[in-house]
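**Q** Pasting a predicted model and its sequence here:
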Amino acid sequence: MSTRKASDTPEPRIESRDQLVAPMQRGEKPVERWRIGTEHEKLVYKLDDHRAPSYDEPGGIRDILHAMQRFGWEPVLENGQTIAMSGADGTISLEPAGQLELSGAALETLHQTCAETGRHLDQVKTVGKECGVGFLGLGMWPDKTREELPVMPKQRYEIMMRHMPRVGTLGLDMMLRTCTIQVNLDYSSETDMAQKFRTGLALQPLATALFANSPFTEGKPNGFLSYRSHIWSDTDPHRTGMLPFVFDEGFGYEHYVDYMLDVPMYFVYRDGTYIDAAGLSFRDFLKGELSVLPGELPTEADWQDHLSTAFPEVRLKSFLEMRGADGGPWNRICALPALWVGLLYDQSALDAAWDLVKDWSMEEREELRMAVPKLALDAPVPGGRTMREFAAEVLDIAHAGLVARDRRNSMGDNESGFLNPLREIVDSGKVPAQRLLDLYHGEWGGDISRVYEHSF
């Protein structure tokens, strides 16, 4: 989740609809300037008793952040508290219960992305040993109740946690108990954005299946392979889901602006403070009729903030975010951007991927989205195949796209090797969650604490 930094520069007020469309238009880049941004979250636990550390205890989250300064990271403060770190590799930020996130830099190749990931994990493991903590790559806490988890001192989270129970039953689980991997990608034009958005949205259930890695809740199997994905089905219907309008003829920036104007607000940021605007209308804000700031018009920064408060399976800001995957270990962090770059950054691959899904009805897309959290690769895909069979074909397309990109490392290897972990999953027919369940029912003898042996 994005971290706001205070600025001394006055922000322009929004006085026309053109300013609402502008962030998306500014995202347009020629192909040679397309970049890859990868975000990944990790669960943090104390090595001695596996509990989640609080922010301010010795060896807790604050100490972990401060210790990262030796690697060149600089603190980002909110009300005097360090709530993030900024550096050459992007931003290290905190999710609500102390999940540690790297929002990586915008990079040219997957080789750079994987090197960045490796650097980050080496750094946090070094700091973790000193602080007595480890890091777990899963989509959800396998054994913690909500009540056992700390809450980080970020004002926006206080507002969101008050609001979540008003709009769904699982929103607090989303905030406190889950982890994800996301990929941010560029587009060259409105038409290119629309094709990538549609293709990415239709294929998010594939990513959910391949990365399914959250089969436990409070120490026991929960009946799902990606419970993290299921959680989103009852978090907040106003700001989640498959966005049927994206598949409408003529979809573009204006349609997404209309969608975002109908998404209820969370907050407004003023003078270092988050003002609670949960449930209020940005349309009213544009008219100067927001009850918490009467007579005031929104700034462009307010709109950027608002764009970050919708959580559909694919999100548009000045780039596209692919949001369907559970958190996981190192090799699968690199595999997710490989999947999406292979599919979306080569035109032939993008056309081939869209051809696979363009004739699906919205009902079929929704049915697949709802089936995958439980069934993963066994979910039925429109046309009579299983997700496993479908995934093999999609991976072939992604492989061809990465070969065509021909971005090589110093050893002469192209980027297609980063797909290998996904090939192994499809070949075996078992997603990560199923392997964990096999261990739980077998070697672990039902002892969920054994999951900590699989930390980074």
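**A** Great, that's in hand.
**Q** Looking at this structure, which strand is longest?
**A** The longest strand of the chain (DSSP state E) is strand 36-46.
**Q** helix or strand right after that one?
**A** helix 61-67 (DSSP states H and E).
**Q** Could you look up the SS state of the spatially most central residue of the chain?
**A** With distances taken as C-alpha atoms, centre = their mean, the residue of the chain nearest its centroid is residue 182 (3.8 Å). For residue 182, the assignment made with DSSP: H, G, I helix; E, B strand; the rest coil gives strand.
**Q** residues in contact with residue 109?
**A** 36, 407, 409, 415 (C-beta atoms under 8 Å, 6 or more residues apart in numbering). For every residue, glycine as well, the C-beta is placed using N, CA and C.
**Q** Do you know the pLDDT at it?
**A** Note on residue 109: pLDDT of 98.
**Q** how close does it sit to residue 227?
**A** 33 Å (C-beta to C-beta, to the nearest Å).
**Q** Next: residue 92.
**A** 26 Å.
**Q** okay, the two: which has more neighbours?
**A** Set residue 92 next to residue 227 and count neighbours by other C-beta atoms under 10 Å: residue 227 wins out with 27 against 24.
**Q** Look up phi and psi at the nearest residue to that one once chain neighbours are set aside.
**A** Closest residue to residue 227 apart from its sequence neighbours, by C-beta to C-beta, 6 or more residues apart in numbering: residue 214 at 4.4 Å. As for residue 214, its main-chain torsions (degrees, to the nearest 10) stand at phi -140, psi 70.
**Q** hang on, the earlier thing: now list the buried members of the contacts of residue 109.
**A** Buried members of these, counted by 16 or more other C-beta atoms under 10 Å: 36, 415.
**Q** and which of the contacts of residue 109 is nearest residue 139?
**A** residue 36 (21.7 Å; C-beta to C-beta).
**Q** where are the low-confidence patches of the chain?
**A** Counting by pLDDT under 70, the ranges of the chain that qualify are 1-8.
**Q** residue with max distance from the center of it?
**A** Per C-alpha atoms, centre = their mean, the most distant residue from the centre of the chain is residue 295 (35.3 Å).
**Q** Strands along the stretch 351-456 of the chain, start to end?
**A** 380-381, 385-386 (DSSP state E, counting those that start in this stretch).
**Q** Adding distance to residue 170 and mean neighbour count, write the ones you listed out as JSON lines.
**A** Below are those laid out as JSON lines (distance: least, C-beta to C-beta, whole Å; neighbours: other C-beta atoms under 10 Å):
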{"stretch": "strand 380-381", "distance to residue 170": "25", "mean neighbour count": "20"}
{"stretch": "strand 385-386", "distance to residue 170": "27", "mean neighbour count": "14"}
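**Q** In stretch 297-316, which residues are buried?
**A** Under 16+ other C-beta under 10 Å, the buried positions of stretch 297-316 are 298-299, 301-303, 305-316.
**Q** Just to be sure, which of the residues you listed are found in strands?
**A** 311-312, 314-316.
**Q** Serialize the residues you listed to CSV and add fields for distance to residue 427.
**A** CSV is the format used below for these (distance: C-beta to C-beta, whole Å):
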residue, distance to residue 427
311, 32
312, 31
314, 27
315, 32
316, 34
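**Q** so which of these would you say is closest to residue 420?
**A** Nearest member of those to residue 420, counting by C-beta to C-beta, is residue 314, at 25.0 Å.
**Q** so the closest one bridges to which residues?
**A** For residue 314, the beta-bridge partners under DSSP bridges are residue 322.
**Q** separation between it and residue 31?
**A** For residue 314 relative to residue 31 (C-beta to C-beta), the value is 20 Å.
**Q** Same check on residue 367?
**A** Distance from residue 367 to residue 31, by C-beta to C-beta: 35 Å.
**Q** more neighbours, these two?
**A** Shown here are residue 367 and residue 31; by other C-beta under 10 Å, residue 367 has more neighbours (17 against 12).
**Q** hang on, the earlier thing: from residue 319, how far off is the residue nearest to the centre of the chain?
**A** From residue 182 to residue 319 the distance is 11 Å (C-beta to C-beta).
**Q** Check residue 15 too.
**A** 25 Å.
**Q** When those two are compared, which one has more neighbours?
**A** The residue with more neighbours, out of residue 15 and residue 319, is residue 319; 20 against 10, by other C-beta under 10 Å.
**Q** That one reaches residue 36, doesn't it?
**A** No. With contacts counted by C-beta atoms under 8 Å, residue 319 stays clear of residue 36, the gap being 10.1 Å.
**Q** which residues are in contact with both of these two?
**A** In contact with both residue 319 and residue 36: 184-185, using C-beta under 8 Å, 6+ apart.
**Q** before we move on, back to that, with distance to residue 159 as new columns, can the strands of the stretch 351-456 of the chain be given to me in JSON lines?
**A** As requested, the strands of the stretch 351-456 of the chain are exported to JSON lines (distance: least, C-beta to C-beta, whole Å):
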{"stretch": "strand 380-381", "distance to residue 159": "39"}
{"stretch": "strand 385-386", "distance to residue 159": "42"}
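**Q** Give me the phi and psi for residue 189.
**A** Torsion angles, degrees, to the nearest 10, at residue 189: phi -160, psi 170.
**Q** ok, and the closest non-adjacent residue to it?
**A** Nearest residue to residue 189, sequence neighbours excluded (C-beta to C-beta, 6+ apart): residue 28, at 5.8 Å.
**Q** Against residue 186, how distant is that neighbour?
**A** Taking C-beta to C-beta, one finds residue 28 at 8 Å from residue 186.
**Q** The two - which one has more neighbours?
**A** residue 186 (23 against 16).
**Q** quick one, what contacts the residue nearest to that one when sequence neighbours are not counted?
**A** The shortest distance from residue 186 to any non-neighbouring residue, by C-beta to C-beta, 6+ apart, is to residue 34 (4.2 Å). Going by C-beta under 8 Å, 6+ apart, residue 34 touches 185-186, 188, 345.
**Q** can you give me the strands in the stretch 1-150 of the chain?
**A** 36-46, 74-78, 81-87, 90-94, 100-104, 133-136.
**Q** can you tell which of those strands is closest to residue 255?
**A** strand 36-46 (24.0 Å).
**Q** Next, the angle strand 100-104 makes with the closest one.
**A** 160 degrees (axes from the mean of the first three to the mean of the last three C-alpha atoms, to 10 degrees).
**Q** Could I have the CA atoms of strand 36-46 written out in PDB?
**A** Output of strand 36-46 as PDB, limited to C-alpha atoms (Å, rounded to 0.1, in the frame of the first residue of the first chain):
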ATOM      1  CA  ILE A  36       9.000  -3.400 -14.600                       C
ATOM      2  CA  GLY A  37       8.100  -2.700 -11.000                       C
ATOM      3  CA  THR A  38       7.700  -5.600  -8.600                       C
ATOM      4  CA  GLU A  39       6.200  -5.400  -5.100                       C
ATOM      5  CA  HIS A  40       6.400  -8.200  -2.600                       C
ATOM      6  CA  GLU A  41       5.300  -8.500   1.000                       C
ATOM      7  CA  LYS A  42       6.700 -10.800   3.800                       C
ATOM      8  CA  LEU A  43       5.300 -11.900   7.100                       C
ATOM      9  CA  VAL A  44       7.600 -11.000  10.000                       C
ATOM     10  CA  TYR A  45       7.900 -13.300  13.000                       C
ATOM     11  CA  LYS A  46      10.100 -13.600  16.100                       C
END
